[in-house]
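[1] only the shape, not the letters, is given here:
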Ligand SMILES: [Zn+2]
């Protein structure tokens, strides 16, 4: 090819690229939300009459004017917040209210239950959740289906099967030994627990969950009693952290809380029998507490109707009120607390009912909202992507009618839900 022909070819290629660029710019999907108020979850300030520009799945800018060729969503009568985050859910599960129906239901049916519950959770304004415990990697499958846009649901971070001792809270103990009933994640001893973490990682979990103590809704376990030795807990933490995976410990009793903190876990779930010593220890180790202080109201009001065994109701009575006092203690001592509700214990979609209870037991309304936004985002390791309405963050945006700083209950009636730039609920 001659010199002139060569440069002519370069010019043509340049023009083709230029035209692709301009056509691309003109047709790029651009969306604007006219917002009455935007809550800045970092400062608690309300920004008035702003417009949020969204490109693809991200917030592009917050501005005073609307650019031309932009699709507009008018929420100028609403208060906008970043999508909420629930750090302790059990989305997979049966749809029957009968307490023991899980004994007779296939895992396939449970996964379908998860599809239904995921949609309810998203429609309630929770655009991200951590799912802590699901047999058969059902939560991994649901997460993947949501991420592939096959079914609606929150952005899920999942643990797969909870790891637990033989006969412990994370094991199934209802049937006699002839049935050889056992849960997926049962492992005893340092090497077995290491292998279980490796197995969960192999099948695609985002985090590890294990049971450090007994629990309310298991048969024959004592809520306050420690399960696992320090050696076993340390082995799991080492195995998880080596892979860059976070690890959450279900722990009600004081000793179990202490052992899990000393072993190096990232979060303590429930933390019911926290005392001053363990509160200070959690703060020293930078451990986050996830305390589900709403669901006991539901359990005690519905218990007998739904056939919850007397043993479990009794344990809930012994734990619920004590947990609320521990929550107040944790707030008072400045321990890091994030929003987690144990959804599934109460009906899915009621996730926001805990906000007002957190205020009753010592948090300011802003702190309660921060626990489900910027606080939770840190524990997820996504503090630059979720929990704020700010440029560069995922376009996870919800709207409510009232100022949530005055009325936290307004968060129970979310009117608009956008996740990842996609609108799932819109009042207009
Ligand atoms: Zn739970």
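    Right, received. Where do you want to start? Because the structure is predicted, anything quoted here is derived from the model rather than measured. Residues are numbered from 1 along each chain as shown.

[2] what sits up against the helix or strand hosting residue 368?
    Counting by DSSP states H and E, the element that carries residue 368 is helix 365-371. With Cβ atoms under 8 Å, 6 or more residues apart in numbering as the test, helix 365-371 has contacts from 39, 41, 44, 81, 331, 337-339, 355, 358-359, 363, 404-406, 408, 411. Glycine gets a C-beta too; all of them are placed from N, C-alpha and C.

[3] now the buried members of these.
    39, 41, 81, 331, 337-339, 355, 358-359, 363, 404-405, 408, 411 (16 or more other Cβ atoms under 10 Å).

[4] surely residue 361 touches residue 293?
    Yes: judged on Cβ atoms under 8 Å, residue 361 makes contact with residue 293 at a distance of 6.3 Å.

[5] which one of these two has more residues nearby?
    Neighbour tally, residue 361 and residue 293, criterion other Cβ atoms under 10 Å: the higher count belongs to residue 293, 24 against 18.

[6] and that one, helix, strand or coil?
    Per DSSP: H, G, I helix; E, B strand; the rest coil, the secondary structure class of residue 293 is coil.

[7] so for it, what's the pLDDT?
    pLDDT for residue 293: 97.

[8] from memory it sits against residue 356, does it?
    No: Residue 293 is beyond contact range of residue 356, at 10.6 Å (criterion: Cβ under 8 Å).

[9] now the common contact residues for those two.
    By Cβ under 8 Å, 6+ apart, residue 293 and residue 356 have no common neighbours.

[10] for the spatially most central residue of the chain, phi and psi?
    Compute the mean C-alpha point of the chain, and by Cα atoms, centre = their mean the closest residue is residue 129, 2.4 Å away. Backbone torsions of residue 129, given as degrees, to the nearest 10, read phi -140, psi 160.

[11] and if you look at residue 318?
    Dihedral angles (degrees, to the nearest 10) for residue 318: phi -70, psi -20.

[12] then the one 3 residues further on?
    Backbone torsions for residue 321, taken as degrees, to the nearest 10, come to phi -70, psi -40.

[13] quick check on the closest residue to it other than its chain neighbours: phi, psi?
    Nearest non-adjacent residue to residue 321, counting by Cβ to Cβ, 6 or more residues apart in numbering: residue 296, 7.6 Å away. Phi and psi for residue 296, reported as degrees, to the nearest 10, are phi -60, psi -30.

[14] now do the one 4 residues further on
    Comment: the main-chain dihedrals of residue 300 come out as phi -70, psi -30, following degrees, to the nearest 10.

[15] for the nearest residue to residue 375 once chain neighbours are set aside, which residues count as its bridge partners?
    Spatial nearest neighbour of residue 375, excluding adjacent residues (Cβ to Cβ, 6+ apart): residue 338 at 4.5 Å. For residue 338, the beta-bridge partners are residue 290 (DSSP bridges).

[16] so residue 338 sits against residue 271, correct?
    No: counting by Cβ under 8 Å, residue 338 stays clear of residue 271, with 11.5 Å between them.

[17] shared neighbours of those two, anything?
    Counting by Cβ under 8 Å, 6+ apart, the residues touching both residue 338 and residue 271 are 289-290.

[18] any idea how far the nearest residue to residue 101 once chain neighbours are set aside lies from residue 60?
    In space, and not counting its chain neighbours, residue 101 is closest to residue 94: 4.9 Å by Cβ to Cβ, 6+ apart. Between residue 94 and residue 60 the computed distance is 42 Å (Cβ to Cβ, to the nearest Å).

[19] who has more neighbours, the two?
    Set side by side, residue 94 and residue 60 show more neighbours around residue 94, with 20 against 17, by other Cβ under 10 Å.

[20] list the buried ones in stretch 161-174?
    161-165, 167-173.

[21] no wait, stretch 235-252
    235-237, 239-241, 245-252.

[22] what ranges does the stretch 201-350 of the chain have for its helices?
    230-242, 254-263, 276-285, 295-302, 310-332 (DSSP state H, counting those that start in this stretch).

[23] for the longest one, name the packing helices and strands.
    Packed against helix 310-332 by the contact rule (3 or more Cβ pairs under 8 Å, 6 or more residues apart in numbering; DSSP states H and E) you find helix 276-285, helix 295-302, strand 337-338.

[24] mind giving me the packing neighbours of the second one?
    In this structure, helix 295-302 makes packing contacts with helix 310-332, judged by 3+ Cβ pairs under 8 Å, 6+ apart.
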